[in-house]
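Provided below for reference: sequence and predicted model.
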Amino acid sequence: MMNNLVVLPLLIPLLAGLIMAMFRKNIPFHRWFSLFSFSLTFAVSLYLIHQVSIGGIQILELGGWPAPFGIVLVVDMLSALLLTTTSFVGIACILFAFKSIGEEREQFYFYPLFQFLITGVNGSFLTGDLFNLFVCFEVMLISSYVLLSLGGTRIQFRETIKYVVINSLSSTLFLVAVAYLYASVGTLNIAHLSIRVAEAGQTGFMTTIAILFLTVFSLKAALFLFFWLPGSYSAAPTAIAAVFGALLTKVGIYAIFRMFYLVFYHQPEITHALMGVMAALTMLLGGIGAVAHWDIRNILAYNVIIGVGFIVSGLAVFTYVALIGVIYYIIHDMVMKALLFLLGGTMIRIVGTSKLKEMSGLIRNHPLLGWLFFIAAFSLAGVPPLSGFIGKILIIQEGLAKGAANAGFYWLAAIGLLSSLMIIYSLMKIFINGFWGETFLTRNMEKGSTKGLLLPCVLLTTVGILWGVGAEIFYPVIEQAAKSMLNPNFYIEAVLREVV
Amino acid sequence: METLMAVIIGILFSIGAYLILSKSLLRIILGSSVIAHGTHLLIITMGGLKTGGPPILGGRADSYTDPLPQALILTAIVINFALTAFLLVLAYRSYAKLGTDNMDQLRGINDE
Amino acid sequence: MKTNDVILQTVTKVATFIILTFSVYLFLAGHHNPGGGFIGGLVVASAITLLFLAYDVKTVRAGLPPVDFKILAIAGVLLAVITGMGSFVFGKPFLSHAFGELDLPFFGNTEFATSVIFDVGVALAVFGTALSIIYTISEDMCIWRR
C-alpha cells in the first residue's frame, strides 16, 4: 500500500523544529508550536494504527523508486504503536519542560532540538533499510548530545564528553557491520536482506556479523554495555532525562527486534542465547545498582537498565506469546519510565537535592505526587492490574515453559522475577524515604513549586492504568504486531511486493 | 588492491584504538576520527573497488561501479564531519569550563 | 598581532572569483554529472573561509549581507523539505520529482527539473552550516584572546 501519510511522523517534527529555529526569540510560540506538532504526530500515528489494522503494512517508496533500489519507509503494527507512544511521551515531556526547563535553555533552541530528537526516533521506527536506520540514529544522537550539554554546567560537560565518544564509536562499529553485511549479501533493504540471508543460509560468517550488530545495538540500548548510561542520564535536566530514559534505549531495542526477528532469525541457539545471557546480566547488574544507590537520579537510571534487560529477555525467549508480552511491556516501559523520571524530577525540584537521605515526609504537602509515585512503582514491579503485569507474566510464563527444554530459560525467568523484586525494593526506598517520615519542609521552605508539573504525570499515569486495565481491548492490535514480527514474509511481501 | 586496502584499514583502526585509549581528550577525538576514516575506507572497499565506468547518465561502459557504497560514505563522512566539529567545540568549551582535558580527572565521583 | 600577508591577500582577491564561478559550475553540472548542491555549497563556503583567513572575520562579515548563517541553513533545509512535500499535492510519493522541457530564446531547448529547487535548498543548508561553524568558533577565539 503506497501511502504518503507514512512520512508524516518524521516530517512534522522536522518541519516544526526548523520553523521554530527560524524564530529563536519567540519562546511562547516555541512552546505552543511544539505541543501542536506532537499532538499532530500523535493523531497521525493513531490514524496509521487504524490503517495498518485494516489494510496491513503501509509503505512509502520515496521518490517513487521501488523498494530494493530506493529508500523505503515501512509502518507495521509495531512501528505504529511505538510511534504513537513516542509522540505521547513527547507531549508529556514537553508539558513538563514548560515549567521546569528554564528560560536559558529555551533561548538556546531547546524546543527545536527536542523536535529533532523525536524526528530521529520516529525515523528509526519508520525506516525500512539499514543505512537509513544509521542516519536516523545519528539525527537522534546528535540532538541528544546537544540536549545533554545544553546549559553547560560542569557535570553536564563531563558526562556529555563520555556519552558522545562512546556513542560515536558505536556508530562507527555500526557502519563496519553495515559494510560487512553489504559485502556479503549486497543489499541493505531489511526485507531484501531477510530474503538474501535466508537464501544464503546463516553461516558462521553471517552469525558473526549478527553478533557485531548485537554489540552495536546493545551499546545504544544499554543492554549489558550500559556503563555510560547512569552518569549521562543523571546529569541531564528532568524533562530531557525523562525523554532519554523513555525513548533512546527503546530505539536500540527496536533495532535488535528488527534485525533478529526479520533477518538473523536462523540461528537462535547462538544469537538469541547470547541475547538471553546479556539480558540476564543486565537485569542483575542493573538491579544491584538500583538497590545500592541512595540518589534518586541514579536509582532511576539503573531502573532504565533493568527495564532494558527485561524486554530483551523476552526477545531471547523467542516465542509468539513471549513476543506479545514484549510488545505489551515495551510500551508500558516507555510510558512508565517517562512518568518515573518526571516524578523523581518533581521531588528533586521540591526538595532541592537528589539525595534520599536529605528528604522526608513529602506526602503531607504533596499527596497527589506521592500516590502517583506509588502507582508508578507498583506498575513497574508488575503488580496486577497495572500495566507492567501483563507483559511480565507472559514473558516469564513462556520462559518457564521453554525451561523444560533448556534449563537456561529457568534461570532467565528466575532472574526476571528477581529483577521485579529489585525494582520494587529500589522504588520503595525512594517512596519510604521521600514520602514517609517527619515533614520538615513547610510549603514556604520548598525550593520549587509543583505548579503545572503534575499535569503531564497525571496524563502518563492515566494512560499507564488504561494500558494495564484495558489490556484485553488492545489485544487484537498487539496480536497483529506480534504476528507480523514472527512472519518475515508479511513484511517482505509488503515491501518488495512479491509473494515469497 | 583490496588486500592493500585491508592492511591500510587495519593500520588506521589500530592507530585509532591506540589514540582513543590515551588520556588526553584531544587525542581521543583524533582517534575516533581516524577510526571513522578507516570505516569509510572499509565501506568503499566492501562495495568492490573500481570495476567499471561511473554510473551516471551518458557514461557508456560495459559494466558500472556500484554507486551505493559511494552514497553511503558520502553520508557517513558528512555525519562524521558534523560529529567531529561538535566534539571539538564541546572539548574546547569543557576545557574552558573544567580546566582539564585529562580523562582521569573527568571521572566524576561525587565531587559535585 | 600584525602579520604581512600581502601574497595571501592578493591571491585571494583573484582566487575567490575563480572559486565562486567554479561553484556555480559544479552546482549546475550536478544534474547529470558529478557535482550538485552539496559540493556547490561547500565550495562557496570555502571561498568565504579563504576570505576570512586572508582578511579578518570582522572586515569580511561587514562586506557580506547581514544575514545570520544559521537562518540561511535552516531556510535551506526548509526549502528542500517543502520541495519534497510538493509531491503530496499531486498524490505522488514524498520526494518525487518532475521535469519538463522549454524552448528558451537564447539557450534553445532547456530542461527544467524540480530537483534543482531541492538542490538549492541543499546548497544553502551546507553553506550556512559550514560558515556558521567557522564563524562561531572564530568569534569565540576572539573573546578568548582578550
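Good, I have the coordinates. Numbers count the residues shown, from 1 in each chain, chains lettered A, B, ... in the order given.

Quick one: classify residue B:50 as helix, strand or coil.
coil (DSSP: H, G, I helix; E, B strand; the rest coil).

now it, nearest residue through space, not along the chain?
residue B:65 (5.8 Å; CB to CB, 6 or more residues apart in numbering or on different chains). Backbone N, C-alpha and C define where each C-beta goes, glycine included.

so where is chain C shaky, pLDDT-wise?
Residues of chain C that meet the criterion pLDDT under 70 lie in C:1-4, C:140-146.

Please work out which residue of it is closest to chain B.
Closest approach of chain C to chain B (CB to the nearest CB) occurs at residue C:32, with a separation of 4.9 Å.

same question, the stretch 301-450 of chain A
Closest point on the stretch 301-450 of chain A to chain B, by CB to the nearest CB, is residue A:355, at 10.1 Å.

For residue A:434, see how far away the nearest residue to that residue once chain neighbours are set aside is.
Leaving aside its sequence neighbours, residue A:355 sits nearest to residue A:295 (CB to CB, 6+ apart; 5.8 Å). Noted for residue A:295: a distance of 12 Å to residue A:434, by CB to CB, to the nearest Å.

does residue A:165 really touch residue B:27, like I thought?
No: contact criterion CB atoms under 8 Å: residue A:165 and residue B:27 do not qualify, at 11.3 Å.

packing partners for the longest helix along chain C?
Across chain C, the longest stretch assigned as helix under DSSP state H is helix C:115-145. Counting by 3 or more CB pairs under 8 Å, 6 or more residues apart in numbering or on different chains; DSSP states H and E, the packing neighbours recorded for helix C:115-145 are helix B:68-98, helix C:37-54, helix C:57-63, helix C:69-89.

how does it look with 10 Å?
helix B:68-98, helix C:6-29, helix C:37-54, helix C:57-63, helix C:69-89 (3 or more CB pairs under 10 Å, 6 or more residues apart in numbering or on different chains; DSSP states H and E).

ok, residue C:84 to residue A:71 distance?
Counting by CB to CB, the gap from residue C:84 to residue A:71 is 12 Å.

Let me see the contact set for residue A:382.
A:310, A:329, A:332, A:388-393, A:395-396, A:416-417, A:419-420, A:423-424, A:468 (CB atoms under 10 Å, 6 or more residues apart in numbering or on different chains).

For the most centrally placed residue in chain B, which non-adjacent residue is spatially closest?
The residue lying closest to the centre of chain B (CA atoms, centre = their mean) is residue B:36, at 1.4 Å. Closest residue to residue B:36 apart from its sequence neighbours, by CB to CB, 6+ apart: residue B:80 at 4.5 Å.

neighbours around that neighbour, how many?
23 (other CB atoms under 10 Å in any protein chain shown).

so it touches residue A:134, yeah?
No: using CB atoms under 10 Å as the test, residue B:80 is too far from residue A:134 to be in contact (11.4 Å).

Excluding sequence neighbours, find me the nearest residue to residue A:78.
residue A:481 (4.3 Å).

pretty sure that neighbour is touching residue A:75, no?
No: assessed by CB under 10 Å, residue A:481 is found out of contact with residue A:75, at 11.1 Å.

who's more crowded, these two?
residue A:75 (28 against 24).

For that one, give its distance to chain C.
13 Å (CB to the nearest CB, to the nearest Å).

and the nearest residue to residue C:29 once chain neighbours are set aside, how many neighbours?
With sequence-adjacent residues excluded and distances taken as CB to CB, 6+ apart, residue C:29 is closest to residue C:35, at 3.8 Å. Around residue C:35 there are 19 other residues, counting by other CB under 10 Å.

Please list all residues in contact with residue C:35.
Counted by CB under 10 Å, 6+ apart, residue C:35 has contacts C:22, C:23, C:25, C:26, C:27, C:28, C:29, C:43, C:119.

still on that earlier bit, what's the overlap in contacts for residue A:295 and residue A:434?
A:348, A:356.

between these two, which one's more packed in?
residue A:434 (25 against 18).

what's the helix or strand for the more buried one?
helix A:408-435 (DSSP states H and E).

How far off centre is that helix?
20 Å (CA atoms, centre = their mean, to the nearest Å).

Low-confidence stretches in the stretch 101-250 of chain A?
Those would be none, if you go by pLDDT under 70 across the stretch 101-250 of chain A.

That one: helices as residue ranges?
A:103-107, A:110-126, A:130-149, A:154-185, A:190-200, A:204-221, A:229-235, A:238-243, A:249-258 (DSSP state H, counting those that start in this stretch).

residue contacts, the residue nearest to residue A:78?
A:49, A:52-53, A:76-82, A:323-324, A:326-327 are the contacts of residue A:481 under CB under 10 Å, 6+ apart.

Is it possible to get CSV of those that adds distance to residue A:366?
Formatted as CSV, those follow (distance: CB to CB, whole Å):
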residue, distance to residue A:366
A:49, 36
A:52, 41
A:53, 41
A:76, 42
A:77, 39
A:78, 37
A:79, 38
A:80, 37
A:81, 33
A:82, 32
A:323, 40
A:324, 37
A:326, 35
A:327, 34
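
Which residues of chain C lie near chain A?
C:68, C:70-71, C:73-79, C:81-82, C:84-85, C:87-88, C:91-97, C:115 (CB under 10 Å from any CB of the partner chain).

try 8 Å
Residues of chain C that fall close to chain A, judged by CB under 8 Å from any CB of the partner chain: C:70-71, C:74-75, C:77-78, C:81-82, C:85, C:87-88, C:91-97.

Most proximal residue of the stretch 101-250 of chain A with respect to chain C?
residue A:112 (8.9 Å).

At the geometric centre of chain A, which residue do we find?
Nearest to chain A centroid, counting by CA atoms, centre = their mean: residue A:250, 2.6 Å.

And that residue, how far from residue A:329?
11 Å.

Any stretches of chain A with poor pLDDT?
Checking chain A against pLDDT under 70 turns up A:1-2, A:498-500.

scratch that, chain B is what I was asking about
B:56-59, B:108-112.

Contact residues of it facing chain A?
B:20, B:25, B:28-29, B:32, B:35-36, B:39-40, B:42-43, B:46-47, B:68-69, B:72, B:75-76, B:79-80, B:82-83, B:86-87, B:90-91, B:93-94, B:97-98, B:106, B:108, B:112.

what sits against the nearest residue to residue A:72 once chain neighbours are set aside?
Leaving aside its sequence neighbours, residue A:72 sits nearest to residue A:128 (CB to CB, 6+ apart; 4.1 Å). Contacts for residue A:128 were tallied using CB atoms under 8 Å, 6 or more residues apart in numbering or on different chains; they are A:59, A:67, A:71, A:72, A:73, A:74, A:189, A:190, A:191, A:495.

Not counting residues beside it along the chain, what's closest to residue B:62?
residue B:52 is the one closest to residue B:62 (CB to CB, 6+ apart), at 6.7 Å.

Wait, the one you found touches residue B:64, no?
Yes: applying CB under 8 Å, one finds residue B:52 in contact with residue B:64, separated by 4.7 Å.

Distance of residue A:407 relative to residue A:318?
16 Å.

Which one of the two is surrounded by more residues?
Shown here are residue A:407 and residue A:318; by other CB under 10 Å, residue A:318 has more neighbours (20 against 10).

Contacts only, for that one.
Residue A:318 touches A:268, A:272, counting by CB under 8 Å, 6+ apart.

Ramachandran angles for it?
In terms of degrees, to the nearest 10, the main-chain angles of residue A:318 are phi 60, psi 50.

re the thing from before, can you read off the backbone torsions of the residue nearest to residue A:72?
Dihedral angles for residue A:128 - degrees, to the nearest 10 - are phi -110, psi 10.
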